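K.L.:
Provide a 3D model corresponding to the input given below.
(one chain, ligands or ions: 2)
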Amino acid sequence: MLGGCASLTKTMAEKILGRASGKDVSPGEIVEANIDLAMVHDLTGPHVVEVVEEIAGEVKVWDPEKVAIIFDHHVPADKIRAAELQVIMRRVARKLGIKKFHDVGRGGICHQVLVEEGYARPGMLIVGADSHTVTSGAVGAFATGIGASDMAMVWLTGKLWFMVPESIKVNVIGKLPKGVYAKDVILHIIGKVTVDGATYKAVEFHGDTIRNMTIPDRMTLSNMSVEMGAKAGMVPADEVTVQYLRERGVEVKPFGPDPGAHYEDEWNFEVSKLEPQVAAPYSVDNVHPVSELEGTPIDQAFIGSCTNGRYEDFVEAAKILKGRKVAEGVRCIAIPASIKQYMKLLKDGIIDILAEAGCFVAHSTCGPCLGGHLGVLGPEEVAISSSNRNFRGRMGHPTSKVYLASPATVAASAVEGKIADPRKYL
Ligand SMILES: CC(C)[C@H](C(=O)O)[C@@H](O)C(=O)O
Ligand code: SF4
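P.N.:
Numbering: from 1, shown residues only. Ligands and ions are numbered 1, 2, ... in the order given. Predicted structure coming up:
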């Protein structure tokens, strides 16, 4: 029976959707929920505006304080079409008085901005017109990607319907070995459960490995939850979260599931002996330990994206690139996930290290992650990337190939000109 009996103890998803819809909810139930934050970017925003204008005859939002417009995909505008779309969204942001508007050079990749600006908070219900909106789950929010027409309804009414998902508890335990990171953990998990292993489930990450992770690491996990089909990928908000948001002037309380909450399934992973992981083309679940792919020649290495474009990611890459050179015949492209990350890297001399090694370092943009610009792959070219997707043609030509790995593995591969194990450099 859909809806079942409401249990007294709730998972994070049930608590958030219950609060947002003002009732006691159970998995399978359809609810109409009030949205706390709605985000669009330069590519999806114009579609939303079009639908809103069609329905309402003019562009409007239910609450300008709860709407974010962030330019990131084709930033700075790389062609006339992109410039046209950005002109539209700039006008809309001004007309509606959107304060959470981040133009070129004033934000960065939307998912990074939501978290680092302290917009995303524990217990919030967040929707974004982008599949990696799940990233905000890192601070304990139920955050999910929606289509442009759903977003148009959110802009008009502030509400959206959801089917309350079943929850899956992912327990990760053990101390990560040197050279092995959150990226390797999530690639390993996706490799085991496959790309549809968590379809429409609310995934919660638990265990001491997760508790010991920083918010940037947790963002990598949450970000890639959607690559196993999850509706949301959440980490309970603890003291690490409270402190991270406090540094951004936001006071929050810890937030997690009720003790004894019911999960549809529990997955257990022990990671103390995990090797660096690499997802081979053309699927994110085609995951192998780096030792199985070592020596595969590459043309391009990319460090960046909403998955792994943070300060800490570049610091790990710089440990390997410092005093070394990117291999002859290989391009290494390094793009921080936001202007704030870029500024911090600049101040600490990390950008210098990357540039001296021969990296092409750019200001924040999605750029090559989706084959947009600043590093589109040609026929048969091979890239190793710290991003999250390696579908056919993802970063350029349909015959190009993308391997996904941690920033350290990408950096080691850039130095050798072939897929390499970062551990020997650390
Ligand atoms: C362009 C956008 C709608 C898309 C998404 O939704 O994820 C992009 O960000 C991606 O990573 O493929
Ligand atoms: S960095 Fe890549 S994955 Fe992230 S929002 Fe941009 S295009 Fe999508």
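K.L.:
contacting residues around whichever strand or helix holds Thr144?
P.N.:
Using DSSP states H and E, Thr144 maps to strand 142-145. Residues external to strand 142-145 that are found in contact with it (CB atoms under 8 Å, 6 or more residues apart in numbering): 12-13, 16-17, 114, 120, 124-137, 202, 222, 226, 231-232, 234. All C-beta atoms are positioned from the backbone trio N, CA, C, and that covers glycine.
K.L.:
which parts of the next helix or strand after that strand are buried?
P.N.:
Downstream of strand 142-145, the next assigned helix or strand under DSSP H and E is helix 148-157. Neighbour-count burial for helix 148-157, counted by 16 or more other CB atoms under 10 Å, picks out Ala148, Asp150, Met151, Ala152, Met153, Val154, Trp155.
K.L.:
stretch 346-363 too?
P.N.:
By 16+ other CB under 10 Å, the buried positions in stretch 346-363 come out as Ile350, Ile351, Ile353, Leu354, Ala357, Gly358, Cys359, Phe360, Val361, Ala362, His363.
K.L.:
where does Cys5 land on pLDDT?
P.N.:
For Cys5, the model assigns a pLDDT of 59.
K.L.:
ok so, going back, buried ones among the contacts of strand 142-145?
P.N.:
With burial judged by 16+ other CB under 10 Å, the buried subset of the contacts of strand 142-145 is 12-13, 16-17, 114, 120, 124-130, 132-137, 202, 222, 226, 231-232, 234.
K.L.:
go back to those and keep what's next to ligand 2.
P.N.:
When contact is defined as CB under 6 Å from any ligand atom, the buried ones among the contacts of strand 142-145 meet ligand 2 at Asp130, His132.
K.L.:
just the ones of the buried ones among the contacts of strand 142-145 in strands?
P.N.:
Among the buried ones among the contacts of strand 142-145, the members falling in strands (DSSP state E) are Leu125, Ile126, Val127, Gly128, Ala202, Ala232, Met234.
K.L.:
what about ligand 1: which of the contacts of strand 142-145 touch it?
P.N.:
Residues of those in contact with ligand 1 (CB under 6 Å from any ligand atom): Asp130, Ser131, His132.
K.L.:
which one of the residues you listed is nearest to Pro398?
P.N.:
Taking CB to CB as the measure, Pro398 lies nearest Ser131 of these, at 20.9 Å.
K.L.:
which stretches in the stretch 301-426 of the chain count as helices?
P.N.:
305-308, 311-321, 339-347, 350-357, 407-416 (DSSP state H, counting those that start in this stretch).
K.L.:
which one, of those helices, ends up nearest to Ile190?
P.N.:
Ranking the helices of the stretch 301-426 of the chain by proximity to Ile190 (CB to CB) places helix 305-308 first, at 12.0 Å.
K.L.:
now check the closest one, is it near ligand 1?
P.N.:
No - applying CB under 6 Å from any ligand atom, one finds helix 305-308 separated from ligand 1 by no less than 7.8 Å.
K.L.:
so what does that helix touch, helix or strand wise?
P.N.:
If contacts are counted by 3 or more CB pairs under 8 Å, 6 or more residues apart in numbering; DSSP states H and E, helix 305-308 sits against helix 110-116, helix 215-225.
K.L.:
circling back: out of the ones in strands among the buried ones among the contacts of strand 142-145, what pair is the most spread apart?
P.N.:
Distances among those were taken as CB to CB; the most separated pair is Gly128 and Ala202, at 16.2 Å.
K.L.:
picking up where we left off before, any chance of the helices and strands packed on helix 305-308 in TSV, plus mean pLDDT?
P.N.:
Listed next are the helices and strands packed on helix 305-308 as TSV, based on pLDDT from 0 to 100:
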stretch	mean pLDDT
helix 110-116	98
helix 215-225	98
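K.L.:
make JSON lines from those helices and add distance to Asp258 to it.
P.N.:
Formatted as JSON lines, the helices and strands packed on helix 305-308 follow (distance: least, CB to CB, whole Å):
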{"stretch": "helix 110-116", "distance to Asp258": "25"}
{"stretch": "helix 215-225", "distance to Asp258": "21"}
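K.L.:
returning to what we had before: of all the buried residues of stretch 346-363, which comes closest to Arg389?
P.N.:
Nearest to Arg389, judged by CB to CB, of those is Ala362 at 19.7 Å.
K.L.:
the closest residue to that closest one other than its chain neighbours - how many residues pack around it?
P.N.:
Spatial nearest neighbour of Ala362, excluding adjacent residues (CB to CB, 6 or more residues apart in numbering): Ile335 at 4.8 Å. Counted with other CB atoms under 10 Å, residues neighbouring Ile335 total 28.
K.L.:
kindly report the same for the one 4 residues further on.
P.N.:
The local packing of Ile339 (other CB under 10 Å) involves 19 other residues.
K.L.:
next: Glu84.
P.N.:
Residue neighbour count, defined by other CB under 10 Å, stands at 11 for Glu84.
K.L.:
again with Trp267
P.N.:
Neighbour count for Trp267, taken as other CB under 10 Å: 16.
K.L.:
ok, it touching Ile168?
P.N.:
Yes - contact criterion CB atoms under 8 Å: Trp267 and Ile168 qualify, at 6.6 Å.
K.L.:
which bits of the stretch 101-250 of the chain sit near ligand 1?
P.N.:
Asp130, Ser131, His132, Gly145.
K.L.:
which pair in those residues spans the largest distance?
P.N.:
Between any two of those, the greatest separation by CB to CB is 6.8 Å, found for His132 and Gly145.
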